[in-house]
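J.: Quick check, what structure comes out for this input:
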Amino acid sequence: MSIKILLTLSFIGSFMTLHSQNALQDTELILNDMLLISERYVAPGADGAAYQATSGWASTAKSLDLFEVDASIHINSLFIPKSRGAFTITNNDFNALRIRGGETATIPTVLGGDTNVFFDFDIGGEPNEFQAFEGVNENQLFHPFFQASIGLWKQTDLSIRYSPEIKISDAEYGIFGVALKHSISQYFKRTDDKSTNNPLEVAVQVAYSRFNSGLLFDAFQIDGPDAEDPPLLFVNQLDVTLDSWLFQGIASKQYKNFEFFGSAGIIVSDAQFVMSGEQGLVLVLLNTLLEDLDASRTLVKGDIGVNYHIGDFYVSNAFTFGTFANYNLSVHYKI
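T.: Residues are numbered from 1 along each chain as shown. Coordinates of the predicted model:
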């Protein structure tokens, strides 16, 4: 356990010695149990954010002409599967907490819904309780952003995406990312027919994204030993900062106004979590513990989609499949 955690625990313990000399040890055990719950609670949020951050980077394998620009507006929708909305926990998982009314309980992740599960515990011999974290209680999470690509030399495209911090329903989003796409099909002999028999285009792409999301949920709190004191812990938001790398191969083929495309890729991501609410010692300590979570992920995803071209415009529909399903709708204009 880090020096920072020990110092904070000591401070809390000295504060609570009015109630028991064992308060410090009780608090340490309870926080370790809360960390176990928190890790399982936040993990699906990190995975979902990885799919949100890496969707829609490419809607075609074809390269832009030199210095040609493709500007686009995207609306992204992440579908939340029931399997990632809850997890099961037992009393055997805990050092100090006890599930009220049973040995096991199913409680929400940050992507889940409401719960009536309570945990009982003692601090310095005094009984206490708290209700399990609740989730955002949504079936889908929406995320809009802007993206622009420019054609460079050697049939390589540079793309940049951005959205300011915006709030939609019970979630806040912001993203910045950059990507490079390079044509592979340019190295193979192909037809020059550009009418109805466009050749199969193949490309590879690498993309980096920093994605920030704030997921609001019903307030969670642990009351202090004195009812007149403020709660020891009060949180109502999970902030996720995700750094992700996407490595993918893309193939596309155009037939008249329609262009069909598909891709397969690997996502390598790392997330940082911060609980937000009313500032206090226990919240500081909980966030210190969250800093030590191993939130590195390697995920696999596939995309299929279709574009419809109208002059310099085209509309793109892309579906992502993997641990999560994702839909990306975008409108593009070529300059």
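J.: What residues of the helix or strand Gly177 falls within count as buried?
T.: Secondary-structure element containing Gly177, defined by DSSP states H and E: strand 171-183. By 16 or more other CB atoms under 10 Å, the buried positions in strand 171-183 come out as 171-175, 177, 179, 181, 183. In short, each C-beta sits where N, CA and C put it, glycine included.
J.: From those, pick the one nearest Leu286.
T.: Leu286 has its nearest neighbour among these in Glu172, at 20.3 Å by CB to CB.
J.: What distance do you get for the closest one to Tyr51?
T.: 18 Å (CB to CB, to the nearest Å).
J.: Equivalent analysis for Gly311, please.
T.: For Gly311, the distance to Tyr51 (CB to CB) stands at 32 Å.
J.: ok, the two, which is more surrounded?
T.: Here Gly311 and Tyr51 are compared on neighbour count by other CB atoms under 10 Å; more neighbours surround Tyr51, at 23 against 8.
J.: Can you check the pLDDT for the residue lying closest to that one once chain neighbours are set aside?
T.: Closest residue to Tyr51 apart from its sequence neighbours, by CB to CB, 6 or more residues apart in numbering: Phe324 at 4.5 Å. Phe324 is assigned a predicted lDDT (pLDDT) of 94.
J.: Likewise for Pro231?
T.: So Pro231 comes in at 71 (pLDDT).
J.: Start the count at 558 instead of 1 going forward.
T.: With the count now opening at 558, the last piece we talked about shows up as Pro788.
J.: Now do the phi/psi pair for it.
T.: In this entry, Pro788 is assigned phi and psi values of phi -60, psi 150 (degrees, to the nearest 10).
J.: do the same with Asp671
T.: The phi and psi torsions at Asp671 (degrees, to the nearest 10) take the values phi -90, psi 170.
J.: thinking again about what came up before, partner strands of the strand holding Gly734 and their direction?
T.: Using DSSP bridges, strand 728-740 pairs in its sheet with strand 713-725 (antiparallel), strand 758-779 (antiparallel).
J.: residue contacts, Pro721?
T.: Residues counted as contacts of Pro721 (CB atoms under 8 Å, 6 or more residues apart in numbering) are Gly731.
J.: let's go with 10 Å and repeat that
T.: The contact partners of Pro721, by CB atoms under 10 Å, 6 or more residues apart in numbering, come to 702-703, 730-733.
J.: What distance do you get for it to Ser634?
T.: Using CB to CB, one obtains 19 Å as the distance from Pro721 to Ser634.
J.: now do Leu588
T.: Relative to Ser634, Leu588 is positioned 36 Å away (criterion: CB to CB).
J.: And these two? Which one has more around it.
T.: In this view Leu588 and Ser634 are compared by other CB under 10 Å, and Leu588 has more residues nearby, 24 against 16.
J.: That one looks like it's in a strand, true?
T.: No. With DSSP: H, G, I helix; E, B strand; the rest coil as the criterion, Leu588 is located in helix rather than a strand.
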